[in-house]
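A.B. asks: make a model of this:
(one chain, ligands or ions: 3)
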Amino acid sequence: MTVHWEDYGNFETAWCPGCGNHAILPAVKKALAACDLASHQVLMVSGIGQAAKAPHYLRANVFNGLHGRALPAATGAKLANPELTVVVESGDGCTYGEGGNHFLAAIRRNIDLTLLVHNNQVYGLTKGQASPTSGEGFLTKAQPEGVAAAAFNPVLVAVAMQAGFVGRGFSGMEDHLTGLIQRAIRHPGFALVDILQPCVSFNKVNTYGWYKKRCYELPPTHDPQNWEQALEKAREWGDRIPVGVLYENTRPTFESHLSVLQGGPVIHRKVDLERLGRFMESFQ
Ligand SMILES: Cc1ncc(C[n+]2csc(CCOP(=O)(O)OP(=O)(O)O)c2C)c(N)n1
Ligand code: SF4
Ligand SMILES: [Mg+2]
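C.D. replies: Ligands and ions are numbered 1, 2, ... in the order given. Predicted coordinates for the structure are as follows:
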């Protein structure tokens, strides 16, 4: 069976005209289809925000978690059914702000899922407050004197923690982004793709022009398995911003450490109702 990206459907969105999300959506569908994954084999998990609406606009299994809580829900689903391809999709605020600690835990565990972060460097849905990735001095209605904290660099943190796969894409380079997401999905372990995405309504600093001028593809000489090289590239931000696979390793996944999963997926096991009943009674 060949999977076509159109199989993932075509739905009306509630995003502003010109929003970078419009290019990320087809890139995700194309990457899933290129990995030969049919809708029923995929679980999309999101939090709350403009980015977190993305899974509503494609035909697949979807779980919408609380703000910042997509990763723990995805972890539970993956452990219960490792046969599912689990993709978490949410925003920079949801993932690195409210969900910051879950981000760190997922990297440490190296659970086999893909995390796509639409990083528009702002809280879009709630109308333009600063997010953890907003630049220092960024002016908003809620930060009228400018952001007084240093910007969080997600790819540098992920590389420093030796995450399984760390990539950065840009919504203005759709074909490149599609290839990157494909590689992330195929990676056996935790894979982060931080996707730079203009928010045309609330981020007037990091615009299409701003990113276009700065984003460049990592050269073939970049070796993603070389940690030192990856750290150096992950630190680059400002006048030049590298996109592509920054870092990759194949350390054992979280699932491979769990003896309970060695007998096959939990969902295929028979439930021993008598034992379950005794267990429940033990709480009375
Ligand atoms: C616990 C909690 N805190 C705050 C909110 C309000 N809230 C909803 S979306 C959002 C920001 C979303 O920003 P981001 O994740 O960057 O997504 P974007 O809209 O920019 O795509 C906030 C603060 C909430 N729903 N729940
Ligand atoms: S507010 Fe920003 S992130 Fe949200 S849909 Fe509009 S342009 Fe996109
Ligand atoms: Mg955002």
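A.B. asks: can you report phi and psi for Trp227?
C.D. replies: Dihedral pair for Trp227: phi -60, psi -40, per degrees, to the nearest 10.
A.B. asks: give me the mean pLDDT for the helix or strand where Leu180 lies.
C.D. replies: Assigned by DSSP states H and E, Leu180 belongs to helix 174-186. Averaging pLDDT along helix 174-186 gives 98.
A.B. asks: which elements pack onto it?
C.D. replies: helix 21-34, strand 114-119, strand 165-170, strand 191-196, strand 241-248 (3 or more C-beta pairs under 8 Å, 6 or more residues apart in numbering; DSSP states H and E). The C-beta positions use only the backbone N, C-alpha and C, and glycine is treated the same way.
A.B. asks: turn the ones you listed into a markdown table, columns for mean pLDDT and distance to Pro265.
C.D. replies: Below are those laid out as a markdown table (pLDDT from 0 to 100; distance: least, C-beta to C-beta, whole Å):
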| stretch | mean pLDDT | distance to Pro265 |
| --- | --- | --- |
| helix 21-34 | 98 | 21 |
| strand 114-119 | 98 | 19 |
| strand 165-170 | 98 | 23 |
| strand 191-196 | 99 | 21 |
| strand 241-248 | 98 | 26 |
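A.B. asks: so which of those gets nearest ligand 2?
C.D. replies: helix 21-34 (5.3 Å; C-beta to the nearest ligand atom).
A.B. asks: helix or strand right after that closest one?
C.D. replies: strand 42-46.
A.B. asks: tell me the gap between the following helix or strand past that next one and the middle of its chain.
C.D. replies: Remark: after strand 42-46, the chain's next helix or strand is strand 61-64, criterion DSSP H and E. Centre-to-centre, strand 61-64 and its host chain are 14 Å apart (C-alpha atoms, centre = their mean, to the nearest Å).
A.B. asks: also stretch 136-155?
C.D. replies: 22 Å.
A.B. asks: pull out the buried residues from it.
C.D. replies: By 16 or more other C-beta atoms under 10 Å, the buried positions in stretch 136-155 come out as 138, 140, 143, 147, 151-155.
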